[in-house]
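Undergrad: build me a structure from this.
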Amino acid sequence: MRDPKDMLPLTEAFYYILIALHAEPTHGYGIMQDAERMSNGRVKIGAGTLYTALNTLLTKGLIEHYPGPEGTDSRRKMYVITPYGQDVTAAEITRLEELLKAGHRVLNDGKE
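TA: Presented below is the predicted three-dimensional model:
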């Protein structure tokens, strides 16, 4: 079994794609909208960046294609996070929390 920590740290684009897919399977445009919404407009993933990132995440087994509803345009690919992708996301959140705790300790106590 692969260790999720081997995938860390995630890029910001990878992180937002994975957490967008945690909620539900969606298509590329939906992921772009979710990332912008979740970051309060700070993160705008362009189409080129998105599709390069999606291909990388597919190759690494963090996401997979998801069959769209009947009658959906076949060109609109849907994606879903895999169990391994969920584990990697959880490991990244833990890593980020550790960074925040260390930063708060330094700011609040003047030492680590």
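Undergrad: next, count neighbours for residue 29.
TA: Counted by other C-beta atoms under 10 Å, the residues lying close to residue 29 total 11. Backbone N, C-alpha and C define where each C-beta goes, glycine included.
Undergrad: so residue 61 sits in a helix?
TA: No - assigned with DSSP: H, G, I helix; E, B strand; the rest coil, residue 61 falls outside any helix and is coil.
Undergrad: next, the contact list for the closest residue to it other than its chain neighbours, please.
TA: Leaving aside its sequence neighbours, residue 61 sits nearest to residue 84 (C-beta to C-beta, 6 or more residues apart in numbering; 5.4 Å). Residue 84 makes contact with 2, 4, 61, 62, according to C-beta atoms under 8 Å, 6 or more residues apart in numbering.
Undergrad: okay, and residue 29 sits in which element?
TA: Counting by DSSP states H and E, the element that carries residue 29 is helix 28-38.
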